[in-house]
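Chemist: Just a sequence and a predicted model for now, questions to come.
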Protein chains: 2
Amino acid sequence: MKEAFYQYLSEKAMVHPEHLSALVDAVTEREFKKSEMLLRLGQVCEHTFFIEQGLTRLYSISEEGVEHILQFAPENWFISERSSVYFHQASMLFIDAIEDSKVVLLDRDFIEMATALSPEFRTYNEYILQNHIRHLQNRIHLLIGSDARNRYLDFIRLYPDLSLRVPQWMIASYLGITPESLSRVRKELARQNYQP
Amino acid sequence: MKEAFYQYLSEKAMVHPEHLSALVDAVTEREFKKSEMLLRLGQVCEHTFFIEQGLTRLYSISEEGVEHILQFAPENWFISERSSVYFHQASMLFIDAIEDSKVVLLDRDFIEMATALSPEFRTYNEYILQNHIRHLQNRIHLLIGSDARNRYLDFIRLYPDLSLRVPQWMIASYLGITPESLSRVRKELARQNYQP
DNA sequence: CGCGTGATTGAAACCCTTCAAGTTTAGTGG
DNA sequence: CCACTAAACTTGAAGGGTTTCAATCACGCG
């Protein structure tokens, strides 16, 4: 139970061993079946999710009914609708499971609680946020500066594991292109004998 | 001297009056002429900038020599290359002044110092980060989901002031389209008697 | 086995870019 | 203050990359 989260806290977040069990006890674990929803549109998101096993995604659906994927989260990633959690707003986004997943649910005040136990945890949280910003900026940079081919190349370079696990049409949605276009990009890369 | 920053700290960051002068004394103020650089490519960014007067931008230049604008910062905004400040990396980006600007320079450890004085400041910093993430996500959403016209409409809706102060070709660069395309979008909007 | 989902492929349409030229605006120096 | 120049913006025509729509193929699952 919660082994992956336990390990993450101790290795990545550098939580002091004596505080580990208190933190792990404060969270709940849940399993989600493939395509089951972790967060629906309009809900106020009460949790940040830590993915122990499986694969999840954060996405919106436009007025025309088109999905736009903002983030994938596989093992050892956090995923949440930060605006909704932090600003207590109704969520504009969905989160669901792409694969059967084992997920840890962190309450909104988890950070506060963890910080009360060991103050260095807030530092780690800041690191997470800074890193997230860096990541989003890279993506914006790619979206305004690169064509379909280069976006895809960047994606498989950054997330070689995901590019095998995520259905192609979802990668297309993440890249902001149509599945047909991605199919053609891949065909062209294969024709040119592209090696990753 | 530093009045805008002083006011910002007390009104927005809710810094306790007794700590204000200590914080304001810890920062330096500088003026930048139009098109003067605040941060060059390859430098490690040592400061976060708070814009008291004027207008600045954060941007990259691609291998082909094309500029891509990641952020504008007018009065009362922060701007910095977070990756460079936080992770001590050489900057991949430029920051320069679009208008003559009066800028406050915050050292890398300003947050730590401010937090030591009043712990609630860290909470405010977290708010800044969360808000930044929300903002970047909105922009990604727009980039993968909207055409040139809607991106522009969204821009002038979000930043009506900026749309008048920023040269059009920079807005185009921010939106990820060419200046020519933006010109045509605007012409079409005018033809349809578009009212903001 | 058949159904549904995902991937592929083709042709036409469309949006946006590119390149080139012309017009307007803004900044500078005489 | 006007004249001059560079930069910014506009406009047109051609071209390219992507989308759209439709049909086909591949595959996993009940």
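Modeler: Yep, it's here.
Chemist: Can you give me every residue that contacts A:Ala26?
Modeler: A:107, A:110, A:113 (C-beta atoms under 8 Å, 6 or more residues apart in numbering or on different chains). In short, each C-beta sits where N, CA and C put it, glycine included.
Chemist: quick one: the last one is in a helix?
Modeler: Meaning A:Met113. Yes: A:Met113 forms part of a helix when assessed by DSSP: H, G, I helix; E, B strand; the rest coil.
Chemist: quick one, phi/psi of the spatially most central residue of chain A?
Modeler: For chain A, the residue nearest the mean C-alpha position is A:Ala73 (3.0 Å; C-alpha atoms, centre = their mean). Main-chain dihedrals, A:Ala73, degrees, to the nearest 10: phi -140, psi 110.
Chemist: Look up how far A:Gly145 lies from it.
Modeler: For A:Ala73, the distance to A:Gly145 (C-beta to C-beta, to the nearest Å) stands at 25 Å.
Chemist: Tell me which stretches of chain A form helices.
Modeler: For chain A, the helices defined by DSSP state H cover A:3-11, A:17-25, A:82-87, A:110-117, A:120-145, A:148-158, A:162-165, A:168-175, A:179-191.
Chemist: which parts of chain A sit against DNA strand D?
Modeler: Those residues of chain A that sit near DNA strand D, judged by C-beta under 7 Å from any atom of the strand, are A:147-149, A:176-178, A:180-181, A:184-185.
Chemist: Can you add neighbour count, pLDDT and distance to B:Thr28 and give those back as JSON lines?
Modeler: Below are the residues of chain A next to DNA strand D laid out as JSON lines (neighbours: other C-beta atoms under 10 Å in any protein chain shown; pLDDT from 0 to 100; distance: C-beta to C-beta, whole Å):
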{"residue": "A:Asp147", "neighbour count": "10", "pLDDT": "96", "distance to B:Thr28": "43"}
{"residue": "A:Ala148", "neighbour count": "17", "pLDDT": "97", "distance to B:Thr28": "45"}
{"residue": "A:Arg149", "neighbour count": "17", "pLDDT": "97", "distance to B:Thr28": "46"}
{"residue": "A:Gly176", "neighbour count": "20", "pLDDT": "97", "distance to B:Thr28": "41"}
{"residue": "A:Ile177", "neighbour count": "19", "pLDDT": "97", "distance to B:Thr28": "46"}
{"residue": "A:Thr178", "neighbour count": "14", "pLDDT": "97", "distance to B:Thr28": "51"}
{"residue": "A:Glu180", "neighbour count": "10", "pLDDT": "98", "distance to B:Thr28": "55"}
{"residue": "A:Ser181", "neighbour count": "16", "pLDDT": "98", "distance to B:Thr28": "50"}
{"residue": "A:Arg184", "neighbour count": "14", "pLDDT": "97", "distance to B:Thr28": "54"}
{"residue": "A:Val185", "neighbour count": "20", "pLDDT": "97", "distance to B:Thr28": "49"}
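Chemist: So which of these is the closest to chain B?
Modeler: Using C-beta to the nearest C-beta, A:Gly176 comes nearest to chain B of the residues of chain A next to DNA strand D, at 3.2 Å.
Chemist: got the contact list for that closest one?
Modeler: A:Gly176 neighbours (C-beta under 8 Å, 6+ apart): A:68, A:143, A:151, B:143-145.
Chemist: Need those in TSV (columns: distance to DNA strand C, neighbour count and pLDDT).
Modeler: Listed next are those as TSV, based on distance: C-beta to the nearest atom of the strand, whole Å; neighbours: other C-beta atoms under 10 Å in any protein chain shown; pLDDT from 0 to 100:
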residue	distance to DNA strand C	neighbour count	pLDDT
A:His68	16	20	96
A:Leu143	12	18	95
A:Arg151	14	22	97
B:Leu143	11	18	95
B:Ile144	13	21	94
B:Gly145	11	18	92
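Chemist: got these as CSV, with distance to B:Glu63 columns?
Modeler: Putting the contacts of A:Gly176 into CSV (distance: C-beta to C-beta, whole Å) gives the following:
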residue, distance to B:Glu63
A:His68, 28
A:Leu143, 17
A:Arg151, 16
B:Leu143, 20
B:Ile144, 23
B:Gly145, 27
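Chemist: between these, which is nearest DNA strand D?
Modeler: Nearest to DNA strand D among those, counting by C-beta to the nearest atom of the strand, is A:Arg151 at 7.8 Å.
Chemist: measure that closest one to A:Glu112 for me?
Modeler: Taking C-beta to C-beta, one finds A:Arg151 at 38 Å from A:Glu112.
Chemist: Just give me the neighbour total for A:Ile171.
Modeler: By other C-beta atoms under 10 Å in any protein chain shown, 22 other residues sit near A:Ile171.
Chemist: pLDDT at it, what is it?
Modeler: Note on A:Ile171: pLDDT of 98.
Chemist: who's in contact with it?
Modeler: Shown in contact with A:Ile171 (C-beta under 8 Å, 6+ apart): A:152, A:155, A:162-163, A:182.
Chemist: low-scoring pLDDT stretches of chain A, where are they?
Modeler: In the predicted model, chain A carries pLDDT under 70 at residues A:196.
Chemist: ok, back up a step: present the residues of chain A next to DNA strand D as JSON lines; the columns should include distance to DNA strand C.
Modeler: What follows is these, written out as JSON lines (distance: C-beta to the nearest atom of the strand, whole Å):
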{"residue": "A:Asp147", "distance to DNA strand C": "9"}
{"residue": "A:Ala148", "distance to DNA strand C": "12"}
{"residue": "A:Arg149", "distance to DNA strand C": "14"}
{"residue": "A:Gly176", "distance to DNA strand C": "12"}
{"residue": "A:Ile177", "distance to DNA strand C": "12"}
{"residue": "A:Thr178", "distance to DNA strand C": "9"}
{"residue": "A:Glu180", "distance to DNA strand C": "4"}
{"residue": "A:Ser181", "distance to DNA strand C": "8"}
{"residue": "A:Arg184", "distance to DNA strand C": "6"}
{"residue": "A:Val185", "distance to DNA strand C": "9"}
